[in-house]
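Asks: any chance you could fold what I've pasted below:
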Amino acid sequence: MSNIAMTRVTRECKEVAQASDITEAGIHVEMTDNNITDIKGLIKGPDDTPYADGMFEVHMSIPDQYPFEPPKVKFVTRVWHPNVSSQTGAICLDILKDKWAASLTLRTVLLSIQAMMCAPEPSDPQDAVVAKQYISNYPMFKATATYWTSVFADSKREVDKDFQKKVNRLVEMGIREGEAIGVLSCNNWKLEQAVQYAFG
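Replies: Reported below is the predicted structural model:
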């Protein structure tokens, strides 16, 4: 990594740590194993969204050419969102691709991800299944995203009991819990359909 990139990343991490508006928004950064190219971001789920009360971890990998190339960012915490892969955590956000500019910062990236959580773009999805559910059955999308936030992002909200019963049924059949949640979510929580999908 170049000296320019090192200096800039160090400065940007300090900026995020010290900016009161950022910490009040529930955004934090820390280096992984004191490695400046490997940064962990924590984003509080925005109020009035299915992600409220959750804490979401993102991994930011800083390329050698930073700030002339964007950081590679993905969710570590599983999230049900049209612009995030429910499998890999990959994010579809224009500033992480073709709209990146050297003037943008890690602060901008984290705030943009938090804003994306408030305003999904299902017409430009990273996860087509989630986007389809968002467009065709918004109440189901909202309930599913809220459930994922409770289970994966340590939200203090009560878990949907009906959803949990269905997850438990699949776990009893030998499917791992995370996989059971994914299969049920993709099948609009229809147990028979999810069983056929999982074992068919």
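Asks: just the helices in the protein please.
Replies: Listed in chain order, the helices of the chain (DSSP state H) span 3-18, 20-24, 106-118, 128-136, 138-152, 161-172, 177-186, 191-199.
Asks: between these, which gets nearest to M55?
Replies: helix 138-152 (9.5 Å; Cβ to Cβ). Every C-beta, even on glycine, is put in place using the N, C-alpha and C of the backbone.
Asks: what's the neighbour count on P125?
Replies: Neighbour count of P125, defined by other Cβ atoms under 10 Å: 20.
Asks: need the pLDDT of it.
Replies: P125 carries a pLDDT value of 96.
Asks: so can I have JSON lines of the helices of the chain showing mean neighbour count and mean pLDDT?
Replies: As requested, the helices of the chain are exported to JSON lines (neighbours: other Cβ atoms under 10 Å; pLDDT from 0 to 100):
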{"stretch": "helix 3-18", "mean neighbour count": "15", "mean pLDDT": "87"}
{"stretch": "helix 20-24", "mean neighbour count": "11", "mean pLDDT": "87"}
{"stretch": "helix 106-118", "mean neighbour count": "19", "mean pLDDT": "96"}
{"stretch": "helix 128-136", "mean neighbour count": "18", "mean pLDDT": "98"}
{"stretch": "helix 138-152", "mean neighbour count": "20", "mean pLDDT": "98"}
{"stretch": "helix 161-172", "mean neighbour count": "15", "mean pLDDT": "97"}
{"stretch": "helix 177-186", "mean neighbour count": "19", "mean pLDDT": "97"}
{"stretch": "helix 191-199", "mean neighbour count": "15", "mean pLDDT": "94"}
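Asks: could these be laid out in TSV, adding distance to T49?
Replies: Formatted as TSV, those follow (distance: least, Cβ to Cβ, whole Å):
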stretch	distance to T49
helix 3-18	22
helix 20-24	17
helix 106-118	6
helix 128-136	13
helix 138-152	8
helix 161-172	18
helix 177-186	17
helix 191-199	26
